[in-house]
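> pasting the structure only:
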């Protein structure tokens, strides 16, 4: 990546002064302040978890903040923190947020085509806003709950125009549990449970602009280490972003450089042999943009970004040949370093927003380039975008959106380098079209309705156990994996912000996602007799999803809330945690009855799931401190979600039974102090 243009651009930015220009509103995002999401039951006060009650969003497993937006896998949705993409949203993918909740001041959620500055996502786009720098006084927030302890502090230095923001959380409960258990045992491997994250920001005034250094990261370590049979999993990521914003001409310019490193490692084995594998990705990128309001009617924005990604897989095997009792057994170690991808993502975009009376029109164009080594792949794509608004009256607004989007193959879970390595299988392509309306109602209510249609011109959903990126012939594997299809649905939203002591956020989603896929036809013995290409419901499709969250402010500083959730079941089509439907068949050799796989287009649906969450909090003051104590319980109803069946035989008869996990209920009891 050449840095000279970025340096020249930064010098040019620093030589011009002009009033700061706000970013024009484009697309049709759902916009929330963090205060609106703070008291939603079942979210533990984390703004990103509130996405799970939004229209257009379903889940893989209840309680895991892995949003499936309009049927697309979670890795198809991009999360940005003030312009910097967050590679892993939750600890160990399903735990608490990897970003301190107090650091997020609000978020914009694009369910369909996002503005042209965003790309490489076929799901949704979430743009979170950072907490504004403190300019007058020191501020601090400390919290402790059943799982972790956290701290956020803001320190302004008014004499120099500098501000420091530091934040982080440490999961002390797992660490203490591991320490106690290890102390109670004299032999065997040690238990490891460590989760923490950090965020640091330094903001410096530069003339009429500002220079910001923002670093954040997360580390997870869980499993067994030491002598004996061990299994251990660890994930880490770091991001460092240096950004300069400054007036330029009649608008505002931005130039930034980002460095990142992600890793996913696993160790397994015993004293005789042990295997360690680590998947890592190094990222160096830059971006620049310029936006301006050229008149009261016309606003423009243009920019470019580039990322260089290096993805490696390192494997180390250690084994001790010979008899286990022999203390002189040799140690043999083999190390293999495999380069999975050397990829460059580059893009340029431009869009304009024209406002005329009650109309607003925003056309945009994004040009995206994908370049991959050692597999020679150079692909340039055009992504036109269009958003329009029409205010029919002071209470009714119509919206229209459309865009052509591309993305590398998507996995169920984000893993380092998988999008870059997956380029060898080819790009996904989808057209996204939506039309909607917003209505202002009485008593502070707003209502929204959206209809979307997503023709999937080429899509490829890979589960977490898919190793297609390592195929000897990735082009052929990509052709075999790719499918065409379409998604469509209706989304309804009723919203009332907290006023007059109560608030409401209710959503309903009807969605379908169908992919045309080759399936195997099997006879009564389970043998493949033919293949056929048919439209199939996506493995993540939950046709109906309903959420209702109510928050009520009571006297004496009390706040209570509840969230009701219901979804219909996804197809029992295997992958990740799910079982695959079996049907009664015949053993070809013995002639006895046995289970055989059902044809993919005839699999059953998992049962629907209903859940109730509850939250109660109490606020007060103690001198200069504002205190809040809360109890937030996910799955207060003790509902059991069935995502797997076991197929067996009992007393000579075939038996199909739900997987026997007890209901998962997760309480969060904590205390927060603000200074």
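Looks like it came in fine. Being a predicted model, the structure only gives us computed values, none of them experimental.
> so which residues of this structure form helices?
According to DSSP state H, the chain carries its helices in the segments 4-13, 34-37, 172-184, 418-421, 474-481.
> most tightly surrounded among these?
Burial of the helices of the chain is given as mean neighbour count (mean count of other C-beta atoms under 10 Å); helix 418-421 ranks first at a mean of 25. C-beta: built from backbone N, CA, C; applies to glycine.
> other SSEs contacting that helix?
On a contact count with 3 or more C-beta pairs under 8 Å, 6 or more residues apart in numbering; DSSP states H and E, helix 418-421 meets strand 298-319, strand 332-356.
> residue 118 is nearest to which of those?
strand 332-356 (8.8 Å; C-beta to C-beta).
> distance from that closest one to the middle of the chain?
17 Å (C-alpha atoms, centre = their mean, to the nearest Å).
> flag every buried residue along that strand.
340-353, 355 (16 or more other C-beta atoms under 10 Å).
> quick one, it and strand 298-319 angle?
Angle of strand 332-356 versus strand 298-319, following axes from the mean of the first three to the mean of the last three C-alpha atoms, to 10 degrees, is 170 degrees.
> sheet partners, orientation included, of strand 332-356?
If you go by DSSP bridges, strand 332-356 pairs up with strand 298-319 (antiparallel), strand 359-373 (antiparallel).
> give the buried residues for the last one.
With burial defined by 16+ other C-beta under 10 Å, the residues of strand 359-373 counted as buried are 360, 362, 364, 365, 366, 367, 368, 370, 371, 372.
> distance to residue 327 and pLDDT for those residues - can I get that in TSV?
Listed next are the buried residues of strand 359-373 as TSV, based on distance: C-beta to C-beta, whole Å; pLDDT from 0 to 100:
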residue	distance to residue 327	pLDDT
360	79	95
362	74	97
364	70	97
365	70	98
366	64	98
367	65	98
368	60	96
370	55	95
371	54	94
372	50	92
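> with distance to residue 275 added, can I get the residues you listed in TSV?
Shown next, in TSV, are the buried residues of strand 359-373 (distance: C-beta to C-beta, whole Å):
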residue	distance to residue 275
360	57
362	52
364	48
365	48
366	42
367	43
368	38
370	33
371	33
372	28
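> distance to residue 627 added to the strands paired with strand 332-356, as JSON lines?
Output for the strands paired with strand 332-356, formatted as JSON lines (distance: least, C-beta to C-beta, whole Å):
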{"stretch": "strand 298-319", "distance to residue 627": "43"}
{"stretch": "strand 359-373", "distance to residue 627": "44"}
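> lowest average pLDDT across the helices of the chain?
Here these differ in mean pLDDT, and the lowest is helix 4-13 at a mean of 32.
> quick one, strands of the stretch 501-650 of the chain?
Counting by DSSP state E, counting those that start in this stretch, the stretch 501-650 of the chain has strands at residues 502-522, 528-537, 544-553, 558-567, 582-586, 593-597, 609-622, 625-634, 645-650.
> make TSV out of the ones you listed and add mean pLDDT, distance to residue 386 and mean neighbour count.
Listed next are these as TSV, based on pLDDT from 0 to 100; distance: least, C-beta to C-beta, whole Å; neighbours: other C-beta atoms under 10 Å:
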stretch	mean pLDDT	distance to residue 386	mean neighbour count
strand 502-522	94	23	18
strand 528-537	93	28	13
strand 544-553	97	28	20
strand 558-567	96	32	19
strand 582-586	94	47	17
strand 593-597	93	45	17
strand 609-622	96	37	17
strand 625-634	96	40	18
strand 645-650	92	45	14
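> let's have those in a markdown table, adding distance to residue 316.
Below are these laid out as a markdown table (distance: least, C-beta to C-beta, whole Å):
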| stretch | distance to residue 316 |
| --- | --- |
| strand 502-522 | 38 |
| strand 528-537 | 39 |
| strand 544-553 | 44 |
| strand 558-567 | 43 |
| strand 582-586 | 39 |
| strand 593-597 | 37 |
| strand 609-622 | 42 |
| strand 625-634 | 39 |
| strand 645-650 | 36 |
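> out of those, which is closest to residue 58?
strand 544-553 (4.9 Å).
> show me what that closest one pairs with in its sheet, parallel or antiparallel.
strand 502-522 (antiparallel), strand 558-567 (antiparallel).
> got CSV for these, with distance to residue 401 too?
Below are those laid out as CSV (distance: least, C-beta to C-beta, whole Å):
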stretch, distance to residue 401
strand 502-522, 17
strand 558-567, 25
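> and of the ones you listed, who's closest to residue 671?
Of all the strands paired with strand 544-553, strand 558-567 sits nearest to residue 671, with 14.8 Å by C-beta to C-beta.
> now that closest one, how far from the chain's geometric center?
23 Å.
> repeat that for stretch 219-238.
23 Å.
> kindly report the same for stretch 174-189.
33 Å.
> one more: stretch 150-158?
That offset, for stretch 150-158, works out to 28 Å (C-alpha atoms, centre = their mean).
> buried sites along it?
150, 151, 152, 154, 156.
> list the residues that contact the closest residue to residue 397 other than its chain neighbours.
Of all residues not flanking residue 397 in the chain, residue 438 sits nearest, at 4.6 Å (C-beta to C-beta, 6 or more residues apart in numbering). Contact analysis of residue 438 by C-beta atoms under 8 Å, 6 or more residues apart in numbering lists 396, 397, 399, 446, 447, 448.
> narrow those to those that are buried.
397, 399, 447, 448.
> looks like the third one contacts residue 496 (just checking).
No - because the distance of 10.0 Å does not satisfy C-beta atoms under 8 Å, residue 447 is recorded as not touching residue 496.
> circling back to that earlier point, distance check, the residue nearest to residue 397 against residue 395.
As defined by C-beta to C-beta, to the nearest Å, residue 438 lies at a distance of 9 Å from residue 395.
> equivalent analysis for residue 665, please.
According to C-beta to C-beta, residue 665 and residue 395 sit 42 Å apart.
> residue 416 now?
Separation of residue 416 from residue 395 (C-beta to C-beta): 48 Å.
> I'd guessed residue 152 sits against residue 169; true?
No - contact criterion C-beta under 8 Å: residue 152 and residue 169 do not qualify, at 9.2 Å.
> common neighbours of those two, please.
Counting by C-beta under 8 Å, 6+ apart, the common neighbours of residue 152 and residue 169 are residue 100.
> rewinding a little: mind checking which of the helices of the chain is nearest residue 235?
helix 418-421 (13.0 Å).
> contact partners of that closest one?
75, 120, 281, 309, 311, 340-341, 343, 345, 372, 407-411, 469.
> give me that answer again for 6 Å
Residues outside helix 418-421 that contact it (C-beta atoms under 6 Å, 6 or more residues apart in numbering): 309, 311, 340, 341, 343, 408, 411, 469.
> kindly report the same for stretch 66-79.
51, 56-58, 60, 86, 89, 111, 121-126, 410-412, 414, 461, 487, 511, 513, 538, 540-541.
> so which of those residues are in strands?
Among the contacts of stretch 66-79, the members falling in strands (DSSP state E) are 57, 58, 125, 126, 410, 411, 461, 487, 511, 513.
> fine, thanks again, bye for now.
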